[in-house]
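> prediction below, plus the sequence it came from.
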Protein chains: 2
Amino acid sequence: MIILDGKLLSENIKSELAAEVDIIRSRGGKVPHLAAVLIGENPASQVYVQSKIRSCEQAGFKSTLIQKSADTTEAELLEIVKQLNEDPDVDGFIVQLPLPKHINEERITLAIDHRKDVDGFHPINFGRMAQGLPAFLPATPFGIMEILRRYNIETAGKHCVVVGRSNIVGTPISILLSRKGYPGDCTVTLTHSRTHDLPGEVRRADIVVAAIGIPEFIKGNWVKEGAVVIDVGINRVPDATKKSGTRLVGDVAFDEVAPRSSHITPVPGGVGLMTVAALMVNTLKACKKEIYQ
Amino acid sequence: MIILDGKLLSENIKSELAAEVDIIRSRGGKVPHLAAVLIGENPASQVYVQSKIRSCEQAGFKSTLIQKSADTTEAELLEIVKQLNEDPDVDGFIVQLPLPKHINEERITLAIDHRKDVDGFHPINFGRMAQGLPAFLPATPFGIMEILRRYNIETAGKHCVVVGRSNIVGTPISILLSRKGYPGDCTVTLTHSRTHDLPGEVRRADIVVAAIGIPEFIKGNWVKEGAVVIDVGINRVPDATKKSGTRLVGDVAFDEVAPRSSHITPVPGGVGLMTVAALMVNTLKACKKEIYQ
């Protein structure tokens, strides 16, 4: 059993990006600049945003963090989005989700210029991805693709079962893995809360992508011997043995599943870090105008 | 075994549309107007476009057919698209595919204003559909959804196997059937040319959608007893017994499959006619500005 080391891979990607940024800087070119908007005090969101900013700094990117209190109005946030859309120095930006209840997330996502949408959440980027056109791929699915690619995991003709049909992970990764090319050409089954016999479906998988947001949902006997297991879940559960009183677990019961799998991502240290790296890759692409002019 | 009668359903839809157009007209409102652009002399394309125009007339829509010879340049076609985008009387329009080889279909599709993209091919509409936002649904998948809806076919928790991963049928119908709601909530497996044991995958299906473009590809013993079979294929094959020397067949070997299925679409008289009806529904939505302002 091989641990798919998201920490190592993401460090590699960051080093590659840092090397490229060095060259850009030495030639007097534009250094990539990621901005992040954080509204309110959600502790998990704060951790994620800080990790994104820190990673940018490590790779020599310019970064901007715009932090506003939870009582920020939708109109105020739309104005921030507008300014970031218009700021020629900002190559890409994200608005960290979830937003406070009084703000319509959809309206914010649609307001972001798709050419700066490095999270890949805008419908234009989603549609272009699905149609195989150049696009900012949604960061988490992009991170999963990089894990498969960098570990040379065979995908053509493999049966992939995706658990969870969210707009930001389950649905897009199911599309990406069924497209032509590598990683791709999988036979993909997209499963969810309405699926009959979910364990039976998962048992047929050569590649399992768990993205349902339920701690340790996928059990050992659901997984075929030798399967590749990608765990997208990041769930905080009580743990009295920890100083913090909690620990992070994925959507996969790691201790049961790992011995049966050929490859598996840990939580933490798996997909989560790759999401940050993917965001940076998208930001560099935006800076270089690789997707849009 | 029940024949899913696309002819009957599409006539019903056209009658409903005609009734609505009558009301609009009697109130002095804007009558929906579909334009179609046909480049070259592809006989199948001519048949399809004529059928679209005739259906519009039956329902009291305004229609415009712009027919140009095969030597039309890409620049000329882009200019036609621009004029249709800007014409306030045209609610929606289509450019019939395939286009002559010297014209880039992708460039044409992207040039169509997404607010008039009643074929639902533009990435904005594709992305919005996938994300569950209001959108012009691609006409063939929309037609399939209407067949399921109007025959009250149960879909929640059913296993649906889609054969073929095209941008205009296989991929979007797999997304639509896996979304929440009705018709939807299916567990969907998207299969294609790289799938191992395609017959085995199809045999697991409660609902089969065949959209691979190979005449009579799906055989009788591939289909589970009682399955619902949706045949998207329209293939012309030689037939010496016909005056024309050819006949139309689907992607399903109808004579073998029909006795095993609970419901099946015939070819012709199934999905094809529903595609035209769906296009008209989209055009009326465009006229009423139901999707976009």
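Cool, the structure landed.
> please enumerate the strands of chain A.
A:2-3, A:33-39, A:62-68, A:92-95, A:159-163, A:187-191, A:207-210, A:228-231, A:235-238, A:246-249, A:263-264 (DSSP state E).
> check which helices and strands the second one sits against.
When you say that, I think you mean strand A:33-39. For strand A:33-39, the packing partners by 3 or more C-beta pairs under 8 Å, 6 or more residues apart in numbering or on different chains; DSSP states H and E come out as helix A:43-58, strand A:62-68, helix A:74-86, strand A:92-95, helix A:271-287. C-beta coordinates here come from the backbone N, C-alpha and C atoms, glycine included.
> may I have the fourth one as CSV, with CA atoms only?
Read that as strand A:92-95. The C-alpha trace of strand A:92-95 is given here as CSV (Å, rounded to 0.1, in the frame of the first residue of the first chain):
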residue,chain,number,x,y,z
GLY,A,92,-6.7,35.8,-9.8
PHE,A,93,-8.7,35.9,-6.6
ILE,A,94,-10.9,33.8,-4.4
VAL,A,95,-13.8,34.6,-2.1
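> give me the sheet partners of it and which way each runs.
In the sheet, strand A:92-95 lines up against strand A:33-39 (parallel) (DSSP bridges).
> could I get the pLDDT score of the nearest residue to residue A:272 once chain neighbours are set aside?
Excluding the flanking residues, the one nearest residue A:272 by C-beta to C-beta, 6 or more residues apart in numbering or on different chains is residue A:234, at 5.5 Å. Per-residue pLDDT puts residue A:234 at 93.
> check contacts around residue A:234.
A:248, A:250, A:267-268, A:272 (C-beta atoms under 8 Å, 6 or more residues apart in numbering or on different chains).
> with residue A:211 instead?
Residue A:211 touches A:140, A:162-164, A:166, A:169-170, A:173, A:232-233, A:251, counting by C-beta under 8 Å, 6+ apart.
> the helices and strands packed on strand A:33-39 into a markdown table, with extra columns for mean neighbour count?
Converted to a markdown table, those look like this (neighbours: other C-beta atoms under 10 Å in any protein chain shown):
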| stretch | mean neighbour count |
| --- | --- |
| helix A:43-58 | 16 |
| strand A:62-68 | 16 |
| helix A:74-86 | 15 |
| strand A:92-95 | 25 |
| helix A:271-287 | 25 |
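> residues from chain A in reach of chain B?
A:106, A:122-128, A:130-133, A:135, A:156-157, A:159, A:165, A:167, A:171-172, A:174-175, A:178-179, A:185, A:187-192, A:194-196, A:201 (C-beta under 8 Å from any C-beta of the partner chain).
> in helices, which of those appear?
A:106, A:123-128, A:130, A:171-172, A:174-175, A:178, A:201 (DSSP state H).
> put together TSV for these, with distance to residue A:20 and neighbour count on each row.
Formatted as TSV, those follow (distance: C-beta to C-beta, whole Å; neighbours: other C-beta atoms under 10 Å in any protein chain shown):
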residue	distance to residue A:20	neighbour count
A:106	34	12
A:123	29	25
A:124	26	25
A:125	22	29
A:126	27	31
A:127	29	27
A:128	24	25
A:130	28	24
A:171	31	27
A:172	26	27
A:174	31	29
A:175	28	26
A:178	31	28
A:201	41	23
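> turn these into a markdown table, including pLDDT.
As requested, those are exported to a markdown table (pLDDT from 0 to 100):
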| residue | pLDDT |
| --- | --- |
| A:106 | 94 |
| A:123 | 97 |
| A:124 | 97 |
| A:125 | 98 |
| A:126 | 97 |
| A:127 | 97 |
| A:128 | 97 |
| A:130 | 96 |
| A:171 | 98 |
| A:172 | 98 |
| A:174 | 98 |
| A:175 | 98 |
| A:178 | 98 |
| A:201 | 98 |
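> tell me the one of the residues you listed nearest residue A:287?
Of all those, residue A:287 sits closest to residue A:125, with 16.4 Å by C-beta to C-beta.
> break chain A down into its domains, please.
A:25-114, A:139-273 (automatic domain parsing).
> for residue A:137, what are its contacts?
So residue A:137 contacts A:120, A:125, A:129, A:145, A:172, A:176, A:278, A:282 (C-beta under 8 Å, 6+ apart).
> which one of those residues is nearest chain B?
Within the contacts of residue A:137, the smallest distance to chain B is 6.9 Å, found for residue A:125 (C-beta to the nearest C-beta).
> partners of residue A:64 in the sheet?
residue A:35.
> contacts only, for it.
Listed by C-beta under 8 Å, 6+ apart, the contact set of residue A:64 reads A:33-36, A:90, A:93.
> got the residues you listed as TSV, with pLDDT columns?
Converted to TSV, the contacts of residue A:64 look like this (pLDDT from 0 to 100):
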residue	pLDDT
A:33	98
A:34	97
A:35	97
A:36	97
A:90	98
A:93	98
